[in-house]
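Engineer: Give me a model of this one.
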Amino acid sequence: MEKAENRVGDGETELEVPLETVCFIIMKAREFDAKDPVTEPSPASNPSDDHSAAILEDHDDDPALEELQSLISDLSVDAQIDLVALMWLGRDDQSADEWQSVRQQAADAHNEHTADYLCGTPLLADHLADGLSTLGHSCVEFEREHF
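Structural biologist: Okay, the predicted model is just below:
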């Protein structure tokens with residue numbers, strides 16, 4: 001269980017997922033979102049010949065995607081629900097007053113495919129960041145420490 005000071009919230013909008021975890025997921029989602037479509041599905045050359053261009057392409061076995069999916073899958077159910085609710089809050093431009101309702105909808109919709117759902121959502125990082133912002137939080141300190 002996370003220490004209370006690591007969790008996001010002011011009581012009414014307290015999250016089960018630590019702010020640092022959300023910020024790390026946002027960072028990883030940005031890495032994944034930056035990928036280009038695959039131009040050469042099965043290149044015959046080796047990476048040094050093509051200057052490692054394949055690393056910038058969105059392949060099915062992408063390590064950034066695998067890390068992101070694994071991280072999300074390893075979270076508690078409540079933390080996964082909070083991630084989905086944050087994404088919905090940021091995506092749908094709702095207010096902080098609607099948090100409990102959005103979170104309940106996410107809880108009702110929760111299943112074992114949460115990681116695939118979140119990773120398959122375009123602009124996931126932006127939606128999560130907007131959801132955090134709606135609740136009055138940001139990843140500025142986290143980014144400052146990690147960049």
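
Engineer: what stretches of the protein score poorly on pLDDT?
Structural biologist: Residue ranges of the chain with pLDDT under 70: 1-13, 34-61.

Engineer: One more pass at 80, please.
Structural biologist: 1-13, 32-62, 64, 147 (pLDDT under 80).

Engineer: Skipping its backbone neighbours, what lies nearest residue 86 in space?
Structural biologist: Here the nearest residue to residue 86 in space, its sequence neighbours aside, is residue 131; by CB to CB, 6 or more residues apart in numbering that works out to 3.5 Å. Quick note: C-beta positions are derived from backbone N, CA and C, even for glycine.

Engineer: Actually, residue 72.
Structural biologist: Distances taken as CB to CB, 6+ apart put residue 115 closest to residue 72, at 3.9 Å, once the chain neighbours are dropped.

Engineer: Could you report the neighbour count for the one you found?
Structural biologist: Neighbour count of residue 115, defined by other CB atoms under 10 Å: 19.

Engineer: go on, the one 4 residues further on?
Structural biologist: A total of 19 residues lie near residue 119 under the criterion other CB under 10 Å.

Engineer: And the residue nearest to residue 72, which helix or strand is it part of?
Structural biologist: Following DSSP states H and E, one finds residue 115 within helix 114-119.

Engineer: just checking, next helix/strand downstream of that helix?
Structural biologist: helix 124-134.

Engineer: Can you tell me what sits against that following helix?
Structural biologist: Helix 124-134 has contacts (CB atoms under 8 Å, 6 or more residues apart in numbering) with 8, 19, 22, 25-27, 29-30, 33, 83, 85-91, 93-96, 118, 121, 138-139.

Engineer: Buried ones from these, can you make that a PyMOL selection?
Structural biologist: Listed next is the PyMOL selection for buried residues among the contacts of helix 124-134, using 16 or more other CB atoms under 10 Å:
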select buried, resi 8+19+22+25+26+27+29+83+85+86+87+88+89+90+91+94+96+118+121+139
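
Engineer: any idea where the helices of this protein begin and end?
Structural biologist: For the chain, applying DSSP state H gives helices covering 19-33, 63-73, 77-91, 99-109, 114-119, 124-134, 140-146.

Engineer: Report the contact partners of residue 27.
Structural biologist: Applying CB under 8 Å, 6+ apart, the residues near residue 27 are 125, 139, 142, 143, 146.

Engineer: Identify the residue spatially nearest to residue 91, adjacent ones excluded.
Structural biologist: Of all residues not flanking residue 91 in the chain, residue 127 sits nearest, at 4.3 Å (CB to CB, 6+ apart).
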